[in-house]
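**Q** Sequence and computational prediction follow.
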Amino acid sequence: MRKAHWPLLLVAFCAVCFAAGGGYAQSSGPSPSDSPGSQAVAAAPAEPLGAEAKEDLGDVTEEQAKQTEEVQIADPLEPFNRAMYHFNDKFYFWLAKPFLRGYNYVIPESIRQVMANIYDNARAPIRIMNNALQGKFDRAGSELIRLVVNSTVGVAGMRNMATDAFGMKAYDEDLGQTFGVWGLGHGVYLVLPLLGPSSARDFVGWVGDWVPDPVTYVKPDGLRYGLAVHYRANLWSFHVGDYEAIKKASLDPYVAMRSGYVQHREKAVKE
């Protein structure tokens, strides 16, 4: 197959995924509000409630009850997704976790944080673009200022001076969130090999975010791939043990991760 055909195949695949997921609402409540970041799993209220609507339901208000509504996502690919979940599970315990433990032993947390800061600074164009696409021009401008401050005063992003010295908050937005703000549903649930939980919408967004990502344009290819892998490994190094906690607390970790992922993304879209 010629290389030029793969974008068309990607579009066709995602169109099928969105169509398959079209019958599922994003939540059991009303549609999300227009206002749309790492891992929270609580879903935000479906819509603002007036004072007269906040009736006590025992010790729980109507607003709190809405926060606990289960967010839905279509999972017609569950056999494939479960296979990928088990593949990722084995990959984590057999390869990733031993590597990350060694990585954490060799590289002090302070150095890993500097690396994380550099990557975060380099990915600022992704946040700038998506804040602008969502109409949050004040946040896009703030991210641009953060990029300038951290690239200069922070010495190529090694230190997050915009936050540490000036108290400037980061506004983490990606293209998947942008699609959600525009009203596009999740499509179907996906578990990607090595990358984990996603959805048709977020997978397309992840691919689209390659465009403003400076690492996309690094040459030679080997260096670009190496940076992409190191970015992910360095990020994971701060979360060794998180997956075990989820797995231990869940009767069905696959379902728990699916629910947690979609609720986390719903909350991110609404922020």
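**A** Here it is on my side, so go on.

**Q** Okay, strands next: where are they in the stretch 101-250 of the chain?
**A** Secondary structure of the stretch 101-250 of the chain by DSSP state E, counting those that start in this stretch: the strands cover 189-192, 196-199.

**Q** can you redo those strands as TSV with distance to N160?
**A** Using the backbone N, CA and C atoms, a C-beta is placed for each residue, glycine as well. Output for the strands of the stretch 101-250 of the chain, formatted as TSV (distance: least, CB to CB, whole Å):
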stretch	distance to N160
strand 189-192	29
strand 196-199	26
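
**Q** looking at these, which is closest to T178?
**A** For the strands of the stretch 101-250 of the chain, the distance to T178 is smallest for strand 196-199, at 13.8 Å, taking CB to CB.

**Q** Now that closest one: buried residues?
**A** Neighbour-count burial for strand 196-199 flags P197, S198, S199 (criterion: 16 or more other CB atoms under 10 Å).

**Q** Name the nearest of those relative to G187.
**A** Of all these, S199 has the smallest distance to G187: 5.6 Å, by CB to CB.

**Q** Of all the strands of the stretch 101-250 of the chain, which one comes closest to R127?
**A** Of the strands of the stretch 101-250 of the chain, nearest to R127 by CB to CB is strand 196-199, at 19.2 Å.

**Q** Any chance you could list what contacts the closest one?
**A** For strand 196-199, contacts defined as CB atoms under 8 Å, 6 or more residues apart in numbering pick out 21, 73, 88, 176, 186-192, 206, 257-258, 261-262, 265.

**Q** contacting residues around D75?
**A** Taking CB under 8 Å, 6+ apart, we find D75 in contact with N81, V188, Y189, R258.

**Q** Now name the helix or strand holding V269.
**A** helix 253-270 (DSSP states H and E).

**Q** quick one: average pLDDT of that helix?
**A** Computed over helix 253-270, the mean pLDDT rounds to 95.

**Q** Equivalent analysis for stretch 102-118, please.
**A** In this model, stretch 102-118 has a mean pLDDT of 97.

**Q** next one: stretch 214-229
**A** 95.

**Q** Need the contact partners of that stretch.
**A** Stretch 214-229 has contacts (CB under 8 Å, 6+ apart) with A122, R123, P125, W210, Y231.
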